[in-house]
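**Student:** take this sequence and fold it.
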Amino acid sequence: MRPAIVAVLIGAAVFSGVYLLTLRPPATPEVARDRAASAASGGVQRDQGEGGVEIEVTYGGPQTAPYEPDRYTVFLVAFTTHSVDLSRYDMVQVSELRAGGRTLRPLRWVSTSDDSHHRSGALIFPQVAPGQPIELAIKTIAGVAVRTYRWTP
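**Tutor:** Numbering: from 1, shown residues only. Predicted structure coming up:
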């Protein structure tokens, strides 16, 4: 009977270790540097993982340069989940930007990863005038009516 108990304990330990290692994929040095730079500028916001999906949104910073932030308002969005298929969401349809009393629809979503559990990309909106509060709303992801991310000058 003791060998069975030992086998179960070892199996549980291995399962726990694998689970903990896969909770969040390791960041490459470039991703870690970009996150740190964006956090230093106050541009990164993360929700509480409602509905089993955590969303991290970056507004501004050097990592948005490939998406012409001088011409557009750009948000980098990264999703992490282990229970929801993220590939079914059309980010252009479920997102909007509120600024200056207007509500703007995204011009496009540029995917950087279409993995069903670790999706990411750039939401690109028309340019808004700098120096005003803005809100990015992402709707209906994992049964959450709306998630709102706010930046103030």
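**Student:** helices along the chain, start to end?
**Tutor:** Here the chain has its helices, by DSSP state H, at 2-21, 29-40, 91-94.
**Student:** now the longest one: average pLDDT?
**Tutor:** The predicted model assigns helix 2-21 a mean pLDDT of 53.
**Student:** for the last one, same thing?
**Tutor:** Helix 91-94 shows a mean pLDDT of 97.
**Student:** that one packs against which elements?
**Tutor:** Secondary-structure packing of helix 91-94 (3 or more C-beta pairs under 8 Å, 6 or more residues apart in numbering; DSSP states H and E): strand 108-114, strand 134-141. In this view, the C-beta of every residue, glycine as well, is placed from N, C-alpha and C.
**Student:** and the last one, what does it pack onto?
**Tutor:** For strand 134-141, the packing partners by 3+ C-beta pairs under 8 Å, 6+ apart come out as strand 53-59, strand 72-81, helix 91-94, strand 95-99, strand 144-151.
**Student:** ok, which of the ones you listed comes nearest Asp115?
**Tutor:** Asp115 lies closest to strand 72-81 among the helices and strands packed on strand 134-141, at 9.1 Å (C-beta to C-beta).
**Student:** off-centre distance for the closest one?
**Tutor:** 5 Å (C-alpha atoms, centre = their mean, to the nearest Å).
**Student:** and that strand, average pLDDT?
**Tutor:** The pLDDT scores in strand 72-81 average 96.
**Student:** now for it, which elements pack on it?
**Tutor:** Applying 3+ C-beta pairs under 8 Å, 6+ apart, one finds that strand 72-81 makes contact with strand 53-59, strand 119-126, strand 134-141.
**Student:** want to try CSV for the helices and strands packed on strand 134-141, with distance to Ile138 and mean neighbour count as columns?
**Tutor:** Shown next, in CSV, are these (distance: least, C-beta to C-beta, whole Å; neighbours: other C-beta atoms under 10 Å):
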stretch, distance to Ile138, mean neighbour count
strand 53-59, 7, 21
strand 72-81, 7, 22
helix 91-94, 6, 16
strand 95-99, 5, 19
strand 144-151, 5, 15
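**Student:** much appreciated, bye for now.
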